[in-house]
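1. coords below, sequence missing:
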């Protein structure tokens with residue numbers, strides 16, 4: 001009995017020790033998770049602070065070791081964590097925009113260091129996955145028969161003569177869901193290569209429909225490779241990317257574009273962009289505070305010959321300014337007869353407070369007028385210039401202001417409304433149209449889980465370009481075009497020969513992190529926009545139209 005009592009006493013002592021060990025283990029795991037959560041929140045509050053910290057630390061090699069772990073310029077990472085804990089740490093985004101779109105960051109500290117969520121290592125190559133899954137709902141007060149990408153210019157929002165003006169539009173869509181992959185590797189210690197691909201589902205094939213089983217097709221949004229020389233602060237990019245004309249958020253790094261935070265996949269009027277094939281080179285100076293670059297980009301003209309149609313000069317038999325697609329081009333659309341690329345040049349400065357840019361665009365619209373046995377080709381010189389800036393309005397970056405603009409001739413393609421670049425001239429050739437656009441916005445995080453934004457933008461054709469010949473009216477915005485029926489439902493199209501003069505939009509919205517943790521992020525968004533469109537005046541008045549739009553979005557970002 002004495003031996004049994006002794007054994008029972010020993011068992012109780014061991015149970016007490018085990019209980020103490022469990023409590024200590026729980027406290028340690030709680031400390032580890034709180035530490036990782038603080039690191040993640042700090043990175044998300046100011047992504048650039050983390051980028052500056054790791055970059056400066058790598059250059060100065062001043063990493064400090066402490067008993068608690070490794071302090072890296074203010075961000076603490078526990079060194080005692082097993083590899084499974086290290087790989088579950090949240091990957092940081094290079095910009096606030098990357099947090100919305102799941103765009104992989106522009107650079108990791110060490111390609112051979114611990115993996116983050118969504119990363120795999122294949123030999124000397126690191127693959128980072130990104131993107132999100134979206135369920136979106138949207139309503140428009142005018143029926144433009146559009147999916148998640150709204151239509152603004154070119155008569156897409158109907159005038160009152162069209163029954164669709166009097167009909168609301170409701171849809172749901174998953175097609176903005178996005179898959180992204182960044183592949184990168186070090187060629188030398190200072191020379192690295194990157195490849196990036198980004199795909200969504202906003203393509204439409206000949207069999208695509210919304211009747212029973214939606215059958216829309218993937219499309220390539222971005223697909224490029226780049227060679228980056230860190231020693232000389234130089235990179236060369238080739239492939240499909242955002243136009244170099246699109247403003248950046250900081251410096252001129254790819255995947256750091258200043259894209260509006262809206263749900264609408266057509267963004268905001270006044271936003272300058274395309275996504276097309278290009279070759280660009282960028283060089284930095286002054287410890288990366290200043291950059292200059294040039295890009296040679298694939299051309300395409302947005303053509304509106306006006307309600308008068310084509311005009312042939314006396315004796316001419318044909319005018320050629322576009323052709324239907326052939327071979328692997330889309331046969332159901334037209335391609336302009338371009339003979340030279342678009343050229344974009346840019347300088348940017350990041351002196352310490354704010355980001356500033358100046359840019360220029362050069363274009364070469366081309367057409368040919370044929371006569372029996374001869375012909376004449378003509379290449380115009382078009383383009384323009386502009387500037388933009390991003391300013392933090394307080395130290396914690398909780399409120400930021402941005403503004404950008406572009407003015408010139410033949411620049412309509414680069415505005416989100418796709419206003420016409422060219423129209424018909426009195427010599428039978430196409431003629432560039434004078435245009436301008438501007439975008440201003442405020443955005444910020446009043447609290448960590450909530451992001452608010454508001455934008456106002458405008459795109460306009462600055463003046464008419466028209467003429468009369470043989471008793472007929474030609475060109476864009478001809479004052480003799482008949483617009484008397486634009487406000488009368490059921491009126492014939494011939495009584496609403498409107499040429500769009502101006503597209504204006506105001507929009508506001510929010511993003512809220514509903515859930516956020518090691519499983520990723522579930523983000524909810526809402527947006528309202530009001531769009532107002534006016535045309536040039538004609539016989540019968542100055543037509544105008546408008547559209548109210550409401551969007552809701554739920555996004556799951558598994559790697560963020």
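-> Yes, it's here. Just so you know, these numbers come straight off a predicted model, no measurement behind them.
2. mind listing what the helix or strand harbouring residue 296 pairs with, with the direction of each?
-> Residue 296 belongs to strand 290-297 when assigned by DSSP states H and E. Its sheet considered, strand 290-297 pairs with strand 275-285 (antiparallel), strand 342-349 (antiparallel) by DSSP bridges.
3. can you list contacts of that strand?
-> 243-244, 251-252, 274, 276-285, 341-350 (Cβ atoms under 8 Å, 6 or more residues apart in numbering). Placement of C-beta: from N, CA and C, glycine included.
4. Quick check: which ranges of this structure have low pLDDT?
-> 40-97, 106-113, 154 (pLDDT under 70).
5. Tell me the strands beside the strand ranked longest in the chain, with direction?
-> Identified as the longest strand of the chain according to DSSP state E is strand 500-517. Applying DSSP bridges to the sheet, strand 500-517 is found paired with strand 450-461 (antiparallel), strand 520-535 (antiparallel).
6. Is residue 397 in contact with residue 444, as I believe?
-> Yes. Using Cβ atoms under 8 Å, residue 397 is in contact with residue 444, at 7.4 Å.
7. and residue 375, how many neighbours does it have?
-> Counted by other Cβ atoms under 10 Å, the residues lying close to residue 375 total 14.
8. what are the pairing partners of the host helix or strand of it, and which direction each?
-> Assigned by DSSP H and E, residue 375 belongs to strand 374-379. Strand pairing for strand 374-379, determined by DSSP bridges: strand 366-371 (antiparallel).
9. which residues does residue 385 form a beta bridge with?
-> Beta-bridge partners, per DSSP bridges, of residue 385: residue 360, residue 407.
10. Let me fix that, I meant to ask about residue 516.
-> Assigned bridge partners for residue 516, using DSSP bridges, are residue 521.
11. Is it in contact with residue 449, as I believe?
-> Yes. Assessed by Cβ under 8 Å, residue 516 is found in contact with residue 449 at 7.3 Å.
12. Relative to residue 179, which of the strands paired with strand 500-517 is closest?
-> Of all those, strand 520-535 sits nearest to residue 179, with 14.4 Å by Cβ to Cβ.
13. Going by neighbour count, which residues in that closest one are buried?
-> Within strand 520-535, the residues scored as buried using 16 or more other Cβ atoms under 10 Å are 520, 521, 522, 523, 525, 527, 529, 531, 532, 533, 534, 535.
14. before we move on, back to that, which of the strands paired with strand 290-297 is buried the deepest?
-> strand 342-349 (a mean of 20; mean count of other Cβ atoms under 10 Å).
15. Run the chain-centre distance for that one.
-> Distance of strand 342-349 from its chain centroid, counting by Cα atoms, centre = their mean, to the nearest Å, is 18 Å.
16. how does the chain divide up, domain by domain?
-> Domain assignment for the chain by automatic domain parsing gives 16-87, 96-204+216-557.
17. In three-state terms, how would residue 494 be classified?
-> Of the three states, residue 494 takes helix under DSSP: H, G, I helix; E, B strand; the rest coil.
18. For the residue lying closest to it once chain neighbours are set aside, give its distance to residue 540.
-> Closest residue in space to residue 494, ignoring its immediate chain neighbours: residue 482 at 6.6 Å, by Cβ to Cβ, 6 or more residues apart in numbering. Distance, residue 482 to residue 540, using Cβ to Cβ, to the nearest Å: 6 Å.
19. Now the common contact residues for the two.
-> Both residue 482 and residue 540 are contacted by residue 495, under the criterion Cβ under 8 Å, 6+ apart.
20. ok, the residue nearest to residue 140 when sequence neighbours are not counted - contacts?
-> Nearest non-adjacent residue to residue 140, counting by Cβ to Cβ, 6+ apart: residue 169, 4.2 Å away. By Cβ under 8 Å, 6+ apart, the residues touching residue 169 are 139, 140, 141, 142, 143, 144, 145, 146.
21. Mind giving me the ChimeraX select for those, buried ones only?
-> A single ChimeraX command suffices to select whichever of the contacts of residue 169 are buried according to 16+ other Cβ under 10 Å:
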select :140,141,142,143,144,146
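22. Tell me how many other residues surround the nearest residue to residue 536 once chain neighbours are set aside.
-> Excluding its sequence neighbours, the residue lying closest to residue 536 (Cβ to Cβ, 6+ apart) is residue 477, at 3.6 Å. Residues lying near residue 477 (other Cβ under 10 Å) number 23.
23. any idea how far residue 477 is from residue 320?
-> 24 Å.
24. Likewise for residue 397?
-> Note on residue 397: its distance to residue 320, by Cβ to Cβ, is 52 Å.
25. quick one: stretch 132-141 to chain centroid distance?
-> Here stretch 132-141 is found 17 Å from its chain centre; the criterion is Cα atoms, centre = their mean.
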